[in-house]
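Enquirer: Fold the stuff below for me.
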Amino acid sequence: MTLEAAKESFFQEIERAKELHRKKETGFTVAQHLQKALDKLLRKVYPYFFGNWDVPVVLIALGGYGRGELNFHSDIDINLIYDGRLTESHLEDVEGFYYFLLSLKRDLGFAPRSIEEALELSKSDLSVFTNLLQRRVVKGEVKVEKKFSKSFEKFIKENKESLINEILVARRGRYKRFYGTVYYQEPNVKESKGGLRDLHEAFWIAKITYGIENYSGFLDRKILDRRSFRDVISAYDFLLRVRNQLHIVNGRRSDILSFEMQREVAEFFGFKKDRSGVEQFMKNFFSSAIDLSVITDEIVKSCREELKRGSREFSLKVLLTPREEIDNFYVENNTLYVKESSESSIVKEPLLVIKGFKLIQEKGLELSPSTFSLFKLSAETYKSKFRKKEVLREFREILTSPERLSYTLELMHDTKVLGALIPDFERLRGHFQYDTYHKFTTDIHSILTVREIEKLSEKGTSGTSVKEKGKLYQILQDLERPELLFIAALFHDVGKGKPGKHELVGAGLTKRYLSEMGFSPEEINEVAWLVRNHLLMAHLAFRRDISDPKLVEQFKEECRTEERLKKLFLLTYADIKAVGPGAWDNWKSSLLWKLYESTLSLFTENKSAGELIKEKLKRRKEKVKELLKGRIKPESVERFFKNADENYLITYSSKEIAKHMLLMKEIRKEKLEYTTYWENFPDIGYSKLVIITKYRRGLFNKIAGILSYLGINIKGANINRAIEDDCDCMVYTIHVSTIAEEPLPEEKISEFEKLLKELYRGELQVDKFDSILKPKTFRRNLPLPETKVKIDNKTSEDFTIVEVSTYDRLGVLYMITKVLIEQETRLRRAIIATEGNRVIDSFYITDINYRKIEDQEKLKRIEEEIIKAIS
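Expert: Next up is the predicted model:
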């Protein structure tokens, strides 16, 4: 058979493997078919290249290929190991073989190595070592492999503990790269926690420890019981099939189960291609991933215990440090075990399980594999017993001890104990939130929210400035009952997945569960209030005008106490941080702090918001007079403060107002139409554009069009009237950034100013902006948020608020403000908030006569026209 014929036969076998996959054969069946097809090919071509060699040589399959687990576009790792020295002729054969492998169009890892080179590389490079650990002879002289094995096995025997430690360090690094949880909503099927790599690493460690040759060694060496073995192999096989489908759909190696791919893969597994189908499929995926994660952890722990049992150092340590016995448990090497005589009692008595978790929390212990299995068996077998009063009261003791709470809760969740205690939490296991804002499933997000508050108590919050850490830490320290905040963090999303607003449903569920646990009515009401209002502060800070004294006053009345304000602020912070990377940023931080400090001052000063504003503006006016001394007369400043919009005077600092007045004077003196200036804020990630101009109807709409046309992201805008003597001007302050959330580069600013100048000259054709809507990202087929329009006529005394929630695109603001102009309204403030690929724009508007819009028909028309324009 020729090389081409052998290759063609190989490609035919790949097509047969695809057919096996489409017929729903197991992942292992498909993987082995692919391995055998490649083996067959290499064995046929081996004589063409190496059949006449005078140097002993063997072709070795490594890594996944060595284990016999190939997916359709897996890396193919091969070594050619030889014993001796290669001549020029040998090297020509190696090169010919390498080019033949390249013609297979597969991701390839190939190297010719002497026995000594292979051994030295395995000692210095972990990836080479783990590849060689899974080696398998494909073709050639077995004696070469045996000679290598003799030295390789000796190296392993002498370095077992350090090799395992290195694998575990790499494992922790891998987890960190992929967000440290199984429940990431766009997981990497191979590399994420709970991915295929988890079993690979467990196998490597078991092979180093016990010398097992394949997965059945987990059973043979009693590392796992039959149930755990069945569960881990079933989960692994499911993930193999998911990975195969990803490779087929993409036509290349692709391991990210992205939103775009979830619909395709869900359909293959028999789920509907809609949102509910994807959510059901992902719930299955997370269930398999958690089985892989937990059971492979058991394997690793068992192997490490076995390794310690075999060491003299361990034996001596055990003699010198006897185990600590505590009722039905004992502690050894900081790990909790169940006494053999108590195993049956532990399974049948959930109260004992909770006592075990209390020990874990109090002492910072790990769970032994056997104890983990017993706790899980108890939760699955005697679920109803966990709802007994005495068990729930014991659980309350864990909840009211914030030390190591998130760690304990996560272990309880992994063993299904948390779901037995709080059935609605089990309902949320792997609950998939099909949007691009939330990075984790609801269950782990809730535990991560608890963890973020814990980090504050340790002053260890990543992604937060040192100054902010200190301030948040102090707020936490000032709380009278901090434990209630931790409990609210756990329960804040418990209502998700049920009909109705999840915060209201969650408050009701929280009351029921806390009552069953024996909390007092005061404690229950406090936690339920936090759950019911956990979205309130973010809603006000990111979607409303927080310079409005009435809004701040209303928020203060809702909080009622300074303690509640502080708890809600910390819960809001932790909730956003726990959404995932990038959810918390300096922009959101600045808005939340502004609302918190404005509200706190109402408590500490014991005055109304109106009184505080009046005093503030009086001080501001005097400061402006001082800044403008010798340039603008004091009486002009008095007139300015009398005639300008109060919103304007509240929003801007004394320094900014003084600057604006000087620019208005320049406009009057030089007979200008407008003037502009820019400021960059790299720490918060935006640029501030200020335009001071004579009144022009619809100007903001055209500015929004120019910004969108240039690909500039708009984060928010204030529009205010300010009168400086006979200069009746409008002040536009627009916060903008690049799509990457950075201040604008100089060339973008220059481009904008050029187009703005053309606009004022009447040279700019603004109708080209009408087809401006375009995505901000290259990603397609993402879950698209629904477009909604809400009218709020209660929050503000002076303005109607139109809130628009839709898919975030460049040009959305332009299209909406165009409708507002056409509907004869005046715009005074635009507030923009983003959540993933959703944007929530809030517009403060009046009718053409500066009054709130009460006409319901007009409001309905505005709503319909906005939806029509942007859908």
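
Enquirer: Counting neighbours, what do you get for the residue nearest to Asn701 when sequence neighbours are not counted?
Expert: Excluding the flanking residues, the one nearest Asn701 by C-beta to C-beta, 6 or more residues apart in numbering is Thr817, at 4.1 Å. C-betas here are computed from N, CA, C, even on glycine. Neighbourhood size, Thr817 [other C-beta atoms under 10 Å]: 25.

Enquirer: Quickly find the element holding Glu666.
Expert: Secondary structure assignment for Glu666, by DSSP states H and E: helix 654-670.

Enquirer: So what touches that helix?
Expert: Outside helix 654-670, the residues that touch it by C-beta atoms under 8 Å, 6 or more residues apart in numbering are 620, 623-624, 627-628, 631-632, 636-637, 640, 649, 652, 672-675, 677, 690, 692-694, 722, 724-727, 729, 731.

Enquirer: got the phi/psi numbers for the residue lying farthest from the centre of the chain?
Expert: With C-alpha atoms, centre = their mean as the measure, the chain has its most outlying C-alpha, relative to the mean C-alpha position, at Asp54: 57.0 Å. Torsion angles at Asp54 (phi, psi; degrees, to the nearest 10) stand at phi -100, psi 0.

Enquirer: Please export the C-alpha coordinates of the helix or strand following the helix holding Glu666 as CSV.
Expert: Downstream of helix 654-670, the first helix or strand assigned by DSSP H and E is strand 674-681. This file holds the C-alpha atoms of strand 674-681, laid out as CSV (Å, rounded to 0.1, in the frame of the first residue of the first chain):
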residue,chain,number,x,y,z
TYR,A,674,-19.8,76.9,21.2
THR,A,675,-16.6,75.8,22.9
THR,A,676,-15.4,72.5,24.2
TYR,A,677,-12.8,70.9,26.5
TRP,A,678,-11.8,67.3,27.4
GLU,A,679,-10.5,65.6,30.5
ASN,A,680,-9.2,62.0,30.8
PHE,A,681,-9.7,59.7,33.8
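
Enquirer: mind listing the strands for the stretch 651-800 of the chain?
Expert: 674-681, 686-694, 713-724, 727-737, 774-775, 788-792, 800-807 (DSSP state E, counting those that start in this stretch).

Enquirer: Same check on the stretch 201-350 of the chain?
Expert: With DSSP E, counting those that start in this stretch, the ranges of strands along the stretch 201-350 of the chain come out as 324-326, 329-332, 335-338.

Enquirer: so of those strands, which one's packed in deepest?
Expert: strand 335-338 (a mean of 21; mean count of other C-beta atoms under 10 Å).

Enquirer: what distance separates stretch 120-129 from the middle of the whole chain?
Expert: Computed by C-alpha atoms, centre = their mean, to the nearest Å, the chain-centroid distance of stretch 120-129 equals 33 Å.

Enquirer: If you could redo that for stretch 803-818, that was the one I meant.
Expert: 25 Å.

Enquirer: Check what contacts that stretch and list those residues.
Expert: In contact with stretch 803-818 (C-beta under 8 Å, 6+ apart) are residues 543, 700-701, 704-705, 708, 711, 713-714, 769-770, 772-776, 784-792, 827, 830, 832, 834, 837-843, 866, 869-871.

Enquirer: Apply 7 Å and report the result again.
Expert: 543, 700-701, 704-705, 708, 711, 714, 769, 772-776, 784-785, 787-790, 792, 827, 830, 834, 837-842, 866, 869-870 (C-beta atoms under 7 Å, 6 or more residues apart in numbering).

Enquirer: Show the end-to-end separation of stretch 258-277, please.
Expert: Stretch 258-277 has an end-to-end distance of 15 Å (criterion: C-alpha to C-alpha, to the nearest Å).

Enquirer: I'd like the mean pLDDT over it, please.
Expert: Per-residue pLDDT values over stretch 258-277 give a mean of 89.

Enquirer: Please pull out the lowest mean pLDDT helix or strand from the protein.
Expert: Ranking every helix and strand in the chain by mean pLDDT, DSSP states H and E puts helix 312-320 at the bottom, with a mean of 51.

Enquirer: picking up where we left off before, for the helix holding Glu666, the averaged confidence score.
Expert: Confidence over helix 654-670 (mean pLDDT, whole number) is 91.

Enquirer: Worst mean pLDDT among the strands of the stretch 651-800 of the chain?
Expert: Across these, the lowest-scoring stretch is strand 774-775, with a mean of 60.
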